[in-house]
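*Asks:* I'd like to go over a predicted model; first the sequence, then the structure.
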Amino acid sequence: MNKRSNIEDFIPRILELYKKGMSTPEIEELLHLPVSQRQVQRIIKKFGLTRTKSESFRLAIRKGRRKFKRLGPGMGAKEFRKGITLTLRYAAFKRDGFKCTLCGYDVEDGVKLEVDHIVRPINSGKNTLENLRTICSACNIGRWHAEQKHP
């Protein structure tokens, strides 16, 4: 008995489990299939049963593989930054000596300076001078990437 005839015996069961919300690794583990997960995916696609990205995302959340927390209405970035006036920005720049508080570079070193929240607005940070600091764009991007990997 070859692989092809062996996998064809499993096709109805594969399609049934996929419709019930199981992923291809789960199907392969449950049925002890003699083929790879990619081949199972090809079978499912051949029968036109692929999930949309949003369906896959919702399924991953339901199974605990992804976490997702919705923001409430009116929580956009523009709403948070409304309180940072030009006067407040200038005060933060002046207090920090027009230098990045993390690396020490200034405009003469060829960097772009930005005003950054120490405690992000999404985490209840306020638009006050005490919660603002001068930071260069490179450090700001680096901070953002570090927070994405280790929230």
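*Replies:* Arrived safely, thanks for sending.
*Asks:* Toward the C-terminus, what is the element adjacent to the helix or strand of the chain with the lowest mean pLDDT?
*Replies:* The weakest-scoring helix or strand in the chain, judged by mean pLDDT, DSSP states H and E, is helix 77-80 (a mean of 58). Sequence order places helix 86-95 as the next helix or strand after helix 77-80, per DSSP states H and E.
*Asks:* Following element in sequence after that following helix, please.
*Replies:* As assigned by DSSP H and E, the chain's next helix or strand after helix 86-95 is strand 113-117.
*Asks:* quick one, the helix or strand following that next one and helix 86-95 angle?
*Replies:* As assigned by DSSP H and E, the chain's next helix or strand after strand 113-117 is strand 132-136. Interaxial angle of strand 132-136 relative to helix 86-95 (axes from the mean of the first three to the mean of the last three CA atoms, to 10 degrees): 70 degrees.
*Asks:* For the very next helix or strand once past strand 132-136, which helices and strands make contact with it?
*Replies:* Using DSSP H and E, the helix or strand that follows strand 132-136 in sequence is helix 137-149. Under the contact criterion of 3 or more CB pairs under 8 Å, 6 or more residues apart in numbering; DSSP states H and E, helix 137-149 touches strand 113-117. Quick note: C-beta positions are derived from backbone N, CA and C, even for glycine.
*Asks:* What is the strand it packs on packed up against?
*Replies:* Using 3+ CB pairs under 8 Å, 6+ apart, strand 113-117 sits against helix 86-95, strand 132-136, helix 137-149.
*Asks:* Quick check: which of those is buried the most?
*Replies:* Among those, strand 132-136 has the highest mean neighbour count (mean count of other CB atoms under 10 Å), at a mean of 22.
*Asks:* hang on, the earlier thing: what's the least confident stretch among the helices and strands packed on strand 113-117?
*Replies:* Ranked by mean pLDDT, those end with helix 137-149 in last place, scoring a mean of 81.
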